[in-house]
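Undergrad: Quick one, structure for this:
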Amino acid sequence: MKNIIKIIKDKILSIIYFEKFKNHNKTIFKDFNTNRIKNNKGVILAEFNAFCPEQIGLSYILYNLRLKYNNPKVISHFSHVILSYGLKRTFVEKLKSSVLQKLGLGNFGIYQSMGIKNFYFPEIDEDCILKTKKIFKKFKEEINTREKLEKFKINNILIGDLLYDCYLKKFYDEEPTVKINDNKFINFSYEFILYVVIWIKFFNKNRVLAVIGSHSVYSIGVPLRIAVWKKIKTFAITPEQICNLTKKMPREYLEFLTYKKKFNMISTNQKLKGIEEAKKRYRSKLSGKFSKDYYYVLRSPYKKSNYKNKVLSKSNKIKLVVATHDFVDAPHCLGFSLFPDFYQWLIFLGKISKKTNYDWYIKTHYPYGGKYEIYQPHERLVVRKFVEKFKNFKIIPPETTMKQIINEGIDGVLTVNGTIGSEIPFFKVPVINASINNPHINYNFNFHPKTREELKTIILNYKKLKEKFKINKKELYQHYFMRNIYYDKNWIFDRHDEMVNEIGYIDQWSYKIFKFWIERFDLKIHNEFLKRINKFIDGKEYRLRRSLY
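TA: Okay, the predicted model is just below:
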């Protein structure tokens with residue numbers, strides 16, 4: 001009964017604060033008026049989604065872009081086509097969307113409060129079908145490996161990585177990889193290619209001035225990828241960051257490529273102050289305390305373990321731990337790796353393990369707590385199936401903390417590009433990456449093989465290489481500073497961490513973020529936000545920062 005009352009209460013509050021935010025937007029952005037469109041030749045694309053904090057940021061971006069381009073038409077495009085729902089909508093789906101738009105309800109009302117009247121769902125026509133059939137015929141003839149698939153292009157626009165990751169995410173297979181000749185993959189590829197063709201036609205038909213979206217991966221990233229290729233202003237936004245995507249930096253989260261360069265540009269005093277702060281926060285995190293820098297991890301994998309049994313054998317053999325990934329979580333998010341997906345990397349390690357006399361272990365993510373735990377059962381299922389094939393691997397129970405594993409004596413950890421690469425080295429344990437597109441590539445506290453053969457060599461000669469390998473903790477502190485302090489999360493909120501602490505990580509995607517925003521609204525802060533976004537839009541910086549460094 002209590003749960004029912006809570007659900008009803010939350011629904012009522014959601015309706016109330018959605019309305020309040022709509023009225024708030026209409027008041028502070030009263031210049032939003034689509035009846036006064038002056039630039040009839042230009043179009044701004046703004047992704048339509050249900051991400052409440054991003055809707056706050058979008059309001060400010062759109063306001064500035066409209067001023068910049070002399071008030072052109074804004075079209076809001078549906079975000080999760082192909083990934084969450086197909087290209088062909090039913091009559092009921094179309095009717096529901098039409099009614100919600102007409103009445104200005106839910107997220108449609110929020111977008112309308114930004115002055116948006118036009119909503120776009122990709123439309124299939126005969127011309128696009130004919131073009132798709134021609135492209136698809138060539139696709140089936142030429143794309144016969146996963147490596148060719150991830151580099152597949154349409155009109156010279158890289159699309160294969162988006163197709164690849166979207167397929168993995170949509171289907172959650174027990175073997176999370178692409179099987180090129182599988183009918184399910186073939187049928188999916190046709191629909192994905194058709195989707196891309198429709199978008200290319202849209203861009204060719206319209207003079208697109210700017211594009212704003214939430215993801216640079218999956219099918220969600222298709223409009224952004226096309227815009228980047230055409231050198232159109234392209235912005236990817238999350239509650240934590242806004243990125244200016246370009247041909248040189250076409251994805252989100254690529255700031256790690258310039259960590260050292262940016263660090264060397266700040267003053268000596270700032271470096272000393274920043275490193276001291278980073279050292280304090282980094283050591284606190286690795287002591288097992290909750291870290292506001294990684295607030296989605298509600299349970300620390302570095303705290304004292306409650307798992308009482310020993311997990312490593314007492315042998316004198318080299319002990320390597322494979323730290324797995326969420327197998328369907330955009331393996332191409334940061335770019336290309338040594339393997340087209342996380343599962344192929346795992347299979348490679350399974351085969352290599354048979355050529356060694358090591359103790360091999362495999363560890364899935366520690367239970368996060370909160371929302372993201374719903375994704376963890378799939379990761380564990382994949383690992384169980386893998387160990388059935390490669391019986392020389394031993395699964396370390398997920399509730400075992402890294403502190404216990406380290407104390408029992410591991411020699412090394414393998415990852416593709418995981419965060420663990422910046423954590424475990426602190427305890428003098430080397431990490432072997434399987435991608436040069438990893439967040440630690442600027443530093444020497446990891447192994448960074450450039451080819452599969454080099455990865456194989458490192459593993460087979462690990463004892464000798466480990467003895468020579470040195471870890472500089474100063475580099476670890478510098479990396480932490482650049483990732484979590486220099487590049488802060490405060491592009492929307494003055495203190496993003498305080499917002500998360502007050503309303504909760506999950507609730508930032510609910511009406512509670514609107515309540516938080518409205519109750520703390522200040523005209524001075526509002527005007528500063530507008531200036532900050534305007535400067536970023538006109539500048540060349542990849543990511544907006546507000547830190548003191």
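Undergrad: What is the longest helix of this protein by residue count?
TA: helix 2-28 (DSSP state H).
Undergrad: buried set for the next helix or strand after that one?
TA: For helix 2-28, the succeeding helix or strand toward the C-terminus, using DSSP states H and E, is strand 39-48. Within strand 39-48, the residues that qualify as buried are Gly42, Val43, Ile44, Leu45, Ala46, Glu47, Phe48, counting by 16 or more other Cβ atoms under 10 Å. In short, each C-beta sits where N, CA and C put it, glycine included.
Undergrad: Name the nearest of these relative to Gly409.
TA: Among these, Glu47 lies closest to Gly409 (Cβ to Cβ), at 48.5 Å.
Undergrad: residues in contact with that closest one?
TA: Ser76, His77, Ser79, Ile212, Gly213, Ser214, Ile220, Pro223 (Cβ atoms under 8 Å, 6 or more residues apart in numbering).
Undergrad: ok, for it, nearest residue in space, not its chain neighbours?
TA: Distance criterion Cβ to Cβ, 6 or more residues apart in numbering; nearest residue to Glu47, sequence neighbours excluded, is Gly213 at 4.3 Å.
Undergrad: and that neighbour, what does it touch?
TA: Under the criterion of Cβ under 8 Å, 6+ apart, the neighbours of Gly213 are Leu45, Glu47, Ser79, Ile220, Gly221, Pro223, Leu224, Thr234, Phe235, Ala236, Ile237.
Undergrad: Hmm, the last one is touching Ser214, no?
TA: Yes: the pair Ile237 / Ser214 is scored as a contact, 6.3 Å apart, by Cβ atoms under 8 Å.
Undergrad: Those two: who's more crowded?
TA: More crowded of Ile237 and Ser214, by other Cβ atoms under 10 Å: Ile237, with 25 against 19.
Undergrad: Report pLDDT for that one.
TA: In this model, Ile237 is scored at 97, pLDDT.
Undergrad: Would you mind giving both backbone torsions of it?
TA: In terms of degrees, to the nearest 10, the main-chain angles of Ile237 are phi -120, psi 140.
Undergrad: That one bridge partners, please.
TA: Ile237 forms beta bridges with Ile242, as assigned by DSSP bridges.
Undergrad: Confirm Lys271 sits in a helix?
TA: Yes: with DSSP: H, G, I helix; E, B strand; the rest coil as the criterion, Lys271 is part of a helix.
Undergrad: Now do it: how many residues are near it, please.
TA: 15.
Undergrad: Also Lys88?
TA: Close neighbours of Lys88, defined as other Cβ under 10 Å, add up to 8.
Undergrad: On the three-state scheme, it is what?
TA: Under three-state DSSP, Lys88 comes out as coil.
Undergrad: gap between the residue nearest to Lys153 when sequence neighbours are not counted and Tyr343?
TA: Spatial nearest neighbour of Lys153, excluding adjacent residues (Cβ to Cβ, 6+ apart): Ile159 at 6.2 Å. Computed with Cβ to Cβ, to the nearest Å, the distance linking Ile159 and Tyr343 is 21 Å.
Undergrad: Could you do Ile518 as well?
TA: The value you get for Ile518 to Tyr343, if Cβ to Cβ is used, is 45 Å.
Undergrad: Which one's more surrounded, the two?
TA: Tyr343 (23 against 13).
Undergrad: can you map out the strands along the chain?
TA: Assigned by DSSP state E, the strands in the chain fall at 39-48, 72-78, 118-120, 153-154, 157-158, 207-213, 233-237, 242-245, 319-323, 359-363, 393-396, 412-414, 431-432.
Undergrad: Adding distance to Lys9, write those out as CSV.
TA: Shown next, in CSV, are the strands of the chain (distance: least, Cβ to Cβ, whole Å):
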stretch, distance to Lys9
strand 39-48, 28
strand 72-78, 30
strand 118-120, 30
strand 153-154, 49
strand 157-158, 47
strand 207-213, 33
strand 233-237, 30
strand 242-245, 33
strand 319-323, 41
strand 359-363, 41
strand 393-396, 42
strand 412-414, 46
strand 431-432, 47
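Undergrad: between those strands, which gets the lowest average pLDDT?
TA: Per-segment mean pLDDT for the strands of the chain reaches its minimum on strand 39-48, at a mean of 91.
Undergrad: what's the angle from that one to strand 207-213?
TA: 20 degrees (axes from the mean of the first three to the mean of the last three Cα atoms, to 10 degrees).
Undergrad: I'd like to know which of the strands of the chain lies nearest to Val197.
TA: Nearest to Val197 among the strands of the chain is strand 153-154 (7.2 Å), distances taken as Cβ to Cβ.
Undergrad: which secondary structure elements does that closest one contact?
TA: The contact analysis (3 or more Cβ pairs under 8 Å, 6 or more residues apart in numbering; DSSP states H and E) places strand 153-154 against helix 183-205.
Undergrad: List the residues that contact Thr457.
TA: Taking Cβ under 8 Å, 6+ apart as the test, what Thr457 contacts is Pro449.
Undergrad: State the distance from it to Glu123.
TA: 52 Å.
Undergrad: repeat for Pro239
TA: Noted for Pro239: a distance of 31 Å to Glu123, by Cβ to Cβ.
Undergrad: What ranges in this protein fall below the confidence cut-off?
TA: Low-confidence segments of the chain (pLDDT under 70): 1, 33-37, 368-372.
Undergrad: dump the residue contacts of Glu174.
TA: Contacts here follow Cβ under 8 Å, 6+ apart; on that basis Glu174 touches Leu381, Val382, Lys385.
Undergrad: Check Glu541 too.
TA: By Cβ under 8 Å, 6+ apart, the residues touching Glu541 are Asn244.
Undergrad: What separation is there between it and Glu467?
TA: Taking Cβ to Cβ, one finds Glu541 at 43 Å from Glu467.
Undergrad: And Thr177, by the same measure?
TA: Distance of Thr177 to Glu467, given as Cβ to Cβ: 35 Å.
Undergrad: ok so, going back, filter the contacts of Glu174 to the buried ones?
TA: Buried residues within the contacts of Glu174, counting neighbours by 16+ other Cβ under 10 Å: Val382.
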